[in-house]
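*Asks:* Fold the following, please.
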Amino acid sequence: MNLIILSPEKEIYTGEVKSVQVPGSVGSFQMLENHAPIVSSLEKGNVNVVTTSGEKLSFGIEGGFVEMLNNEVAILVSGVNA
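*Replies:* Coordinates of the predicted model:
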């Protein structure tokens, strides 16, 4: 699946990933390939990513929103501490 993480200032990350874990407003959750469509607000916390090559990445965010649709994940954040 494809992931893009954007802040108002710049594109933080884009690429193919195996999984994405986000700090949802009512608890952390993970999205894998073929996850059901979802839109959720995000709290301050970490976005954890596993790339298709197995590399693990973590981005500290200040909050934002995530949308998952047709194996495309878009995360819009207000601030990031990569």
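*Asks:* drop to CA atoms for contacts and neighbour counts, all remaining ones
*Replies:* Will do.
*Asks:* Now for this structure, the helix or strand with the poorest mean pLDDT.
*Replies:* strand 80-81 (a mean of 81; mean pLDDT, DSSP states H and E).
*Asks:* what pairs with it, and is each one parallel or antiparallel?
*Replies:* Partners of strand 80-81 in the sheet, by DSSP bridges, are strand 56-61 (antiparallel).
*Asks:* and the partner strand, how far from the chain's centre?
*Replies:* When distances are taken as CA atoms, centre = their mean, to the nearest Å, strand 56-61 is centred 9 Å away from the chain's centroid.
*Asks:* Parallel or antiparallel, which strands does the helix or strand just after it pair with?
*Replies:* Using DSSP states H and E, the helix or strand that follows strand 56-61 in sequence is strand 64-69. Note on strand 64-69: by DSSP bridges, its sheet partners are strand 38-42 (antiparallel), strand 72-77 (antiparallel).
*Asks:* from the middle of its chain, how far away would strand 64-69 be?
*Replies:* Using CA atoms, centre = their mean, the offset of strand 64-69 from its chain centre is 7 Å.
*Asks:* Ok, stretch 67-81 next?
*Replies:* The answer for stretch 67-81 is 5 Å, by CA atoms, centre = their mean.
*Asks:* still on that earlier bit, what's in contact with the least confident helix or strand of the chain?
*Replies:* Here strand 80-81 makes contact (CA atoms under 8 Å, 6 or more residues apart in numbering) with 7, 59-62.
*Asks:* Please identify the buried residues of stretch 31-51?
*Replies:* 31, 33, 40-51 (16 or more other CA atoms under 10 Å).
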